[in-house]
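1. task: produce atomic coordinates for the following.
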Amino acid sequence: MIRALIFFSLIFSACGGAGTSAPFQMTNRDRLSNLDPPGQELAFGALNEIQVNTPRNHFYSGFLGSARPKEFADTCFLIAASEWRGAIAHFLDQHCPHLPTELQTEWAHDAALAQQEYTICQFDRQQHDDHGRLPMTGTWVLHNVGSQRDITVVW
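-> As a prediction, this is how the structure comes out:
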């Protein structure tokens, strides 16, 4: 009986007493949306549009862990958001000529807003001299984009 009394008094005091604790309220600092970089929502929207409007089997924006593992890549390299924007613009020009140029430009711009840098793992690379340019051949896999997605681009 005494143990039960002690137990309930400890629980009661830990909870701050009846009616004395304020309800939990999230502050702006606590909201998950504020943890995302600016533009991440635009980026994911653009990636979705690119996936839906690209011919089948050329562009996938999927869940984390859905892409090929990087251990089997031919090579991996780091590019800036501006280089990713240019690569996506080239991809859209090559694979989506039916889309208006303005729309291609908008989607390429927005798709690069998810983060500052991207790690590209390249598979099935065709061996030729890229003359210092990005090797836009084979399959590119971008793991963990915006901590939410894996992206696969088949050139």
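
2. residues in contact with residue 122?
-> 73, 74, 75, 76, 77, 135, 137, 138, 139, 140, 141 (Cβ atoms under 8 Å, 6 or more residues apart in numbering). To be clear about C-beta, it is placed using only N, CA and C from the backbone, and glycine gets the same treatment.

3. after the lowest-mean-pLDDT helix or strand in the chain, next one along is what?
-> Lowest mean confidence among the helices and strands of the chain (mean pLDDT, DSSP states H and E): helix 2-14, at a mean of 50. Next helix or strand after helix 2-14 toward the C-terminus (DSSP states H and E): helix 40-53.

4. count of residues packed around residue 52?
-> Counted with other Cβ atoms under 10 Å, the neighbours of residue 52 add up to 9.

5. distance of it from residue 108?
-> 15 Å (Cβ to Cβ, to the nearest Å).

6. do the same with residue 133
-> 16 Å.

7. out of these two, which sits in the busier spot?
-> A count of neighbours by other Cβ under 10 Å puts residue 108 above the other of residue 133 and residue 108, at 21 against 11.
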